[in-house]
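Novice: Got a sequence here, can you build the structure:
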Amino acid sequence: MYRIIALAALVTLASLALPNLAMAGTTPSPPGAHLYIGYPNDGQVVPANKPFRVWFGLRYMGVAPKGVKYPNTGHHHLLIDTDLPSMDQEIPSDRNHLHFGAGETETMIQLPPGKHTLQLLLGDDMHIPHNPPVYSKKITVIAR
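Specialist: The predicted model follows:
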């Protein structure tokens with residue numbers, strides 16, 4: 001009985017000490033799942049104000065459209081000039097968080113002149129990151 005109380009107290013203290021530590025969603029991702037941006041490359045110059053292709057890469061998982069719940073699958077979200085969102089909530093949908101709920105594996109985007117960041121985050125059938133979350137390295141592109 002005392003062990004249960006002590007464990008509960010420890011969990012409560014940890015949650016108070018680490019309030020920004022977000023838990024991931026409930027849909028599991030397999031070990032070794034890897035998400036990456038295949039194109040453009042980190043540091044690459046892209047045309048400003050003109051469409052260019054962004055290609056999504058995924059290993060050890062499959063792609064399924066929004067609403068399709070199938071093990072070890074998800075769909076892509078492209079994050080532009082923003083940090084990763086909360087891992088226990090639905091991924092926002094706005095100009096910085098592009099959803100590809102039809103199962104797309106590439107897109108065309110255009111950016112204004114300047115330095116920009118791109119990152120991919122995989123979401124489950126309900127747009128919530130997996131557990132553990134599957135996301136790419138953040139890359140920088142220069143629009144000229």
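Novice: Need the residue closest to the centroid of this structure.
Specialist: Centroid check for the chain by CA atoms, centre = their mean gives Leu121 as the closest residue, at 1.5 Å.
Novice: What are the buried residues along the helix or strand hosting it?
Specialist: Assigned by DSSP states H and E, Leu121 belongs to strand 114-123. By 16 or more other CB atoms under 10 Å, the buried positions in strand 114-123 come out as His116, Leu118, Gln119, Leu120, Leu121, Leu122, Gly123. Quick note: C-beta positions are derived from backbone N, CA and C, even for glycine.
Novice: Give the next helix or strand downstream of that strand.
Specialist: Beyond strand 114-123 on the C-terminal side, the first helix or strand identified by DSSP H and E is strand 139-143.
Novice: quick one: that next one to strand 114-123, angle?
Specialist: Put simply, strand 139-143 runs at 140 degrees to strand 114-123, going by axes from the mean of the first three to the mean of the last three CA atoms, to 10 degrees.
Novice: residues in contact with strand 139-143?
Specialist: Outside strand 139-143, the residues that touch it by CB atoms under 8 Å, 6 or more residues apart in numbering are 37, 40-49, 111-119.
Novice: and those, which are buried?
Specialist: Ile37, Pro40, Val46, Leu111, His116, Leu118, Gln119.
Novice: So what sits opposite the residue nearest to the centre of the chain in the bridge?
Specialist: His77, Tyr135 (DSSP bridges).
Novice: I figured it was touching His130, is that so?
Specialist: No - judged on CB atoms under 8 Å, Leu121 makes no contact with His130 at a distance of 9.5 Å.
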